[in-house]
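> predicted coordinates and the sequence they were generated for:
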Amino acid sequence: MAAAIRRLRPSSFSFSFVTRSFSTAAAPETVKPHLYSQKPISPGVDPKNRNVQWVFLGCPGVGKGTYASRLSTLLGVPHIATGDLVREELNSGSAFSKQLAEIVNQGRLVSDEIIINLLSKRLEAGEGKGESGFILDGFPRTVRQAGILDEVTDIDLVVNLKLPEKVLIEKCLGRRICNECGKNFNVASIDVMGENGSPRISMAPLLPPSHCVSKLITRADDTEEVVKERLRIYNDKSQPVEDFYRSQGKLLEFDLPGGIPESWPKLLEVLNLDEQDEKQSVAA
Ligand SMILES: Nc1ncnc2c1ncn2[C@@H]1O[C@H](COP(=O)(O)OP(=O)(O)O)[C@@H](O)[C@H]1O
C-alpha cells in the first residue's frame, strides 16, 4: 500500500479554497513540484496561477461525468473518472479483468488498492504529457480513499451534485453509450414531482444522432437491481466522504434544478465562472 500511496502523486499544484476568482493559466515554471506524499506547501504563490484540483461527488446517475467533463474543457484540466479507468481495465482483457467484472456488475466497489493503482497510473501518464490540475469524478468514494488523497495533494473544492433518488434511477436506466464514438446519451424522459416542497424536476432525453442509434449499448451495471445496490453502497460508503470534506469547509452542495440547459448555467454561476473562461484558456 505504501508504494501505491507514493505512486499517487499529484500531477500539479494546488491552491487554497478560492473559487471566486482564479485564472485558467498553467502553473508557472518557477513553481517547483512538491515531493511524493508531501502536502503542497507553496506560500507566496499566487493562487490565481495554479490549475484547479477539484473532486466531483454524487450518487450514480447524478451527472458527475457530464458536468465534470464540461468543466474540464472550460478550465483546461483533465477530467479523470475512475469509473472510466475501471471500464478500460475491464475491456483490456487483463488478468484480473474477469474478477473486476464480477465486482462491478454486482454494483460493488472495487478495492481501494486496485482503484488507487489505476488512478496513480493515470496521473503518472498525464504528468508525462505535461498535464496539470484535474477534476476527479468517482474518486474518492470511501473515507479511506479521501484520507489517502489528502496525504498526497490538496483538494481545492468538492462539488456535491444532488438529485432525488427517483430521478437517479430513471437516469441510470436511460443511459446509453455509443460503442463506436463512446459518447453518452440518455433516452429517459424525466418528469418527477419534487419531494418535501422542492420544485418539480423535468429532463428532456439526450438522444443520439442517427448514425449512433444502431450502436447504442447499456452498461452492464445499469440494471434496476444493480443501480439500487449502487445507491445503497453510495449511501453507506460514499456519503461519509461528503462529511469528510464538509468538515474541511470544501464541500459545495449543488441541487441540480433539471437537465443540462437549466443546470449548467446555474453551476457556472455558483462557481463564479462563465463560458468566456474557455476562450481565455484557449487563448492563453
Ligand atoms: N473510487 C472508486 N472506488 C471503488 N470502486 C470504484 C471507484 N470508482 C469506480 N469504481 C467502480 O467502477 C464502477 C463504475 O463507476 P462509475 O462509472 O463512477 O459509476 P457510477 O455511475 O455508479 O457513479 C463502480 O460501481 C465501482 O465498481
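Good, I have the coordinates.
> please tell me I have it right and Val55 contacts Gln248.
No - assessed by Cβ atoms under 8 Å, Val55 is found out of contact with Gln248, at 11.2 Å. All C-beta atoms are positioned from the backbone trio N, CA, C, and that covers glycine.
> what residues does the protein put near the ligand?
Proximity of the chain to the ligand (Cβ under 6 Å from any ligand atom) is limited to residues 60-61, 82-83, 86, 103-104, 107-110, 115, 138-139, 141, 145, 221, 230.
> tell me which of these fall in strands.
Counting by DSSP state E, these place none of their members in strands.
> now, of those, which are buried?
For the residues of the chain next to the ligand, a neighbour count by 16 or more other Cβ atoms under 10 Å gives the buried set as 60-61, 82-83, 86, 104, 107, 109-110, 115, 138-139, 141, 145, 221, 230.
> circling back to that earlier point, more crowded one of Val55 and Gln248?
Shown here are Val55 and Gln248; by other Cβ atoms under 10 Å, Val55 has more neighbours (25 against 13).
> tell me the spacing between that one and Ala81.
From Val55 across to Ala81, the span is 11 Å (Cβ to Cβ, to the nearest Å).
> what touches both of the two?
Leu136 (Cβ atoms under 8 Å, 6 or more residues apart in numbering).
> next, the contact list for the residue in the stretch 151-284 of the chain that the ligand sits nearest to, please.
Closest approach between the stretch 151-284 of the chain and the ligand, counting by Cβ to the nearest ligand atom: Arg230, at 4.8 Å. Taking Cβ under 8 Å, 6+ apart, we find Arg230 in contact with 60, 107, 172, 221.
> need the pLDDT of it.
Arg230 is assigned 96 on the pLDDT scale.
> what about the strands in this structure?
In chain order, the chain shows strands spanning 53-57, 79-81, 134-137, 157-162, 175-178, 184-186, 190-192, 201-203, 216-217, 251-255, with DSSP E as the criterion.
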